[in-house]
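Asker: What follows is a protein structure lacking sequence information:
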């Protein structure tokens with residue numbers, strides 16, 4: 001299956017008369033039941049959910065209502081470098097929070113204590129900031145953070161980015177950053193969000209992510225979110241029903257926004 005074996009796909013094809021792929025969340029996997037099978041089982045078509053996903057995400061990449069604002073969070077900048085580079089050619093503003101923000105802040109010379117920083121990507125972060133300036137994209141970083149000794153701390157405190165103690169780490173965006181990000185959403189006509197602003201699974205570090213979820217939900221823009229943590233965050237904030245489109249995908253969501261060809265989608269296109 002995972003080797004996308006043609007013989008196995010041929011065997012699967014004998015079990016049915018037509019093929020419908022409604023699993024966009026698995027469309028980034030070149031597996032036999034997703035890709036190779038369409039060479040042996042036709043007609044092959046996209047299901048209704050697959051069509052909805054492609055329409056919503058395609059709208060962001062191909063014909064978004066402007067201004068388009070992207071929000072990225074999560075732990076590691078290395079996981080989203082390709083996405084950042086691809087988005088810079090399309091967005092009007094890019095808001096970066098979560099653990100990944102500290103690599104960008106460190107690249108600007110900020111001392112960020114024990115916050116998560118990827119030293120191998122400091123140069124890339126600097127180049128990304130330069131690229132955003134050249135393209136006229138507002139790349140917005142946190143100006144304060146909720147810090148604590150560690151993930152198990154019972155409480156945190158908000159400090160300015162320049163005031164993070166050497167022995168502590170940033171685990172959420174602070175209230176001034178929430179205001180800054182919310183202001184950056186004003187006037188947006190399309191918003192896409194992937195990745196939490198902090199360790200929102202822990203109550204002391206959830207406020208920033210939940211506040212941003214409410215800000216996104218309250219925007220009149222067409223809003224799209226994807227990724228399990230982001231979906232969990234808007235659900236926890238009680239605003240999931242106010243989001244324009246919630247993708248069922250994680251990896252496929254990111255790869256599609258990175259501009260990659262998804263094997264599952266390509267297979268359906270080739271079989272059409």
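Answerer: Right, received. Where do you want to start? Only a predicted model underlies this, so the values are computations on that prediction, with no experimental measurement involved. Numbering: from 1, shown residues only.

Asker: Could you use CA atoms for every contact and neighbour count after this?
Answerer: Noted.

Asker: Leaving out sequence neighbours, find the closest residue to residue 37.
Answerer: Nearest residue to residue 37, sequence neighbours excluded (Cα to Cα, 6 or more residues apart in numbering): residue 9, at 4.7 Å.

Asker: Against residue 271, how distant is that neighbour?
Answerer: Using Cα to Cα, to the nearest Å, we find residue 9 at a distance of 14 Å from residue 271.

Asker: about what we covered before: which element, helix or strand, includes the residue nearest to residue 37?
Answerer: Assigned by DSSP states H and E, residue 9 falls within helix 6-13.

Asker: Hmm, residue 32 and the residue nearest to residue 37 touching each other?
Answerer: Yes: if you go by Cα atoms under 8 Å, residue 9 and residue 32 touch, sitting 5.2 Å apart.

Asker: what's the overlap in contacts for these two?
Answerer: Here residue 9 and residue 32 have residue 1 as joint contacts, going by Cα atoms under 8 Å, 6 or more residues apart in numbering.

Asker: how many other residues sit next to the residue lying closest to residue 103 once chain neighbours are set aside?
Answerer: The shortest distance from residue 103 to any non-neighbouring residue, by Cα to Cα, 6+ apart, is to residue 117 (4.7 Å). Using other Cα atoms under 10 Å, residue 117 has 22 neighbouring residues.

Asker: So for the chain, the centremost residue is which one?
Answerer: Residue closest to the mean C-alpha point of the chain, counted by Cα atoms, centre = their mean, is residue 194 at 2.4 Å.

Asker: rewinding a little: same question for whichever helix or strand comes after the helix holding residue 9, mean pLDDT?
Answerer: Downstream of helix 6-13, the first helix or strand assigned by DSSP H and E is strand 19-21. Strand 19-21 shows a mean pLDDT of 98.

Asker: Adjacent strands (with direction) for whichever helix or strand comes after strand 19-21?
Answerer: Note on strand 19-21: by DSSP H and E, the next helix or strand toward the C-terminus is strand 44-46. Using DSSP bridges, strand 44-46 pairs in its sheet with strand 19-21 (parallel).
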